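# My questions are about this predicted structure, shown below with the sequence.
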Amino acid sequence: MTETATRVIEAQGLMKSFGSLDALRGCDLEVTAGECVGLLGPNGAGKSTFIGCLYGTVAPTGGELRVFGLDPKREPRAVKARIGIVPQENALDEELTVLENMRLYARFVGLPRGMATERIEQLLAHMALDHKRDAPIRSLSGGMKRRLAFVRALLVNPELLILDEPTTGLDPTVRHLIWERVLGYRQEGKTVLVTTHYMHEAELLCNRIVILDAGRVMAMGSPQELIQQYAPGFVGYFPAETEIRLRPNLPPGTATFEQGRQFCVRAPRFEDLTELQRVTNVSAVQLRPASLEDVYLKLTGHGLDENE
């Protein structure tokens, strides 16, 4: 298979304006078959607009976009037939049962009845919902509704699975179940695009990260590549009131920022933080390796000190 043939998404200089608002400003992004790519960014960064362009519900105002080599604006049905999407809102019919909802959607996407019945039963079991097949949607918990949105997205056995904030508001048990399933899709070779505000979720699920801000791609790479490039080292969280004692003793190469009413120090070495505690007699609330969250905060400018 050629390199070109493996490209699922190709965006070059993609632009989208809503009146005077530029939601996408020359976005360049490629996703190849089998990748799980995390699309990260603050609210208003352009993530939902980009997904709308992929799915053909938003028409770009400039640049080029191909999904499976097709133009979503001109061939939306052909593109949608190969995409499964779990949107931020579950959008299930509360008056119907679980089975009725899935049968209705299967008809909507053109699945033959026999195939649809078998596929629905398999996926309900896959998402631990088979015992709720005849339950009305209004009786389901939030976690169950979220899992059912996954069933709906997977009905067409999509080549590209788009997950828009898939675990927001879910309890840890349901979140871990969904993570396990997504990792399984990745192992099966499915192409997955995830938007999330949970940095740990992105690190766990994605082999490549794209950080958007103000409609532009700020950085991309594997989680570890981004950490090493933009925020290497270790982070110490200190009580906010100790900042005045800590600042005169910061070792070379450190960066500081505020988070959760705490004074945070990122240093190149773990020993730098233990020595800082020793000389100031201030104990850290937490010490940890630098993470994707530190990269995100640095690149999007949220909560950073001016020395960044």
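Ah, there it is.

# Contacts only, for A116.
Under the criterion of CB atoms under 8 Å, 6 or more residues apart in numbering, the contact partners of A116 comprise M102, R103, A106, R107, L155. Quick note: C-beta positions are derived from backbone N, CA and C, even for glycine.

# swap that for I178, sorry
Applying CB under 8 Å, 6+ apart to I178 gives the contacts R146, R147, F150, P166, T167, L170.

# quick one: secondary structure of M220?
Reduced to three states with DSSP: H, G, I helix; E, B strand; the rest coil, the structure at M220 is strand.

# Okay, and the closest residue to it other than its chain neighbours sits in which element?
Nearest residue to M220 in three dimensions, chain neighbours excluded: V210, at 4.5 Å (CB to CB, 6 or more residues apart in numbering). For V210, the host element (DSSP states H and E) is strand 208-213.

# contacting residues around that strand?
Everything outside strand 208-213 that qualifies as a contact, by CB under 8 Å, 6+ apart, is 27, 29, 35-42, 45-47, 50, 202, 217-223, 226, 292, 295-296, 299-301.

# rewinding a little: just grab the bridge partners of the residue nearest to M220 for me.
Taking DSSP bridges, one obtains L39, M220 as the residues bridged to V210.

# mind giving me TSV with the contacts of I178 and columns for neighbour count, distance to V58 and secondary structure?
Converted to TSV, those look like this (neighbours: other CB atoms under 10 Å; distance: CB to CB, whole Å; DSSP: H, G, I helix; E, B strand; the rest coil):
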residue	neighbour count	distance to V58	secondary structure
R146	22	24	helix
R147	25	27	helix
F150	22	23	helix
P166	27	20	coil
T167	23	24	coil
L170	17	27	coil
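
# chain center to the lengthiest helix in the chain, what's the gap?
Scanning the chain for the longest helix, with DSSP state H as the assignment, gives helix 172-187. The chain centroid and the centroid of helix 172-187 are separated by 13 Å under CA atoms, centre = their mean, to the nearest Å.

# Would you mark the buried spots in it?
When burial is assessed from 16 or more other CB atoms under 10 Å, helix 172-187 yields the following buried residues: V174, R175, L177, I178, W179, R181, V182, Y185, R186.

# contacting residues for the third one?
Spelled out, that is L177. Taking CB under 8 Å, 6+ apart as the contact definition, L177 lies against M127, A128, R147.

# for those, which one is nearest R113?
Looking at these and their distance to R113, the nearest is M127, at 21.3 Å (CB to CB).

# Now do the contacts for the closest one.
With contacts defined as CB under 8 Å, 6+ apart, M127 is in contact with R147, L148, F150, V151, L177, R181.

# Recalculate using a threshold of 6 Å.
R147, F150, V151 (CB atoms under 6 Å, 6 or more residues apart in numbering).

# Please tell me which one of the contacts of A116 counts the most neighbours.
When neighbours are counted as other CB atoms under 10 Å, the busiest of the contacts of A116 turns out to be M102, with 26 neighbours.

# isn't that one right next to I120, touching?
Yes: between M102 and I120 there is a contact at 4.6 Å, judged by CB atoms under 6 Å.

# And stretch 38-56, end to end?
Counting by CA to CA, to the nearest Å, you get 20 Å between the two ends of stretch 38-56.

# buried residues in that stretch?
When burial is assessed from 16+ other CB under 10 Å, stretch 38-56 yields the following buried residues: 38-41, 45-56.

# next one: stretch 279-294
For stretch 279-294, the neighbour count (16+ other CB under 10 Å) marks T280, V282, A284, L287, A290, S291, L292, E293, D294 as buried.

# From those residues, which land in strands?
With DSSP state E as the criterion, strands contain L287 from among those.

# In a markdown table: the buried residues of stretch 279-294, plus distance to T256.
A markdown table is the format used below for the buried residues of stretch 279-294 (distance: CB to CB, whole Å):
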| residue | distance to T256 |
| --- | --- |
| T280 | 14 |
| V282 | 14 |
| A284 | 13 |
| L287 | 15 |
| A290 | 13 |
| S291 | 16 |
| L292 | 19 |
| E293 | 15 |
| D294 | 12 |
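
# List the residues that contact R152.
Taking CB under 6 Å, 6+ apart as the criterion, R152 is in contact with Y105.
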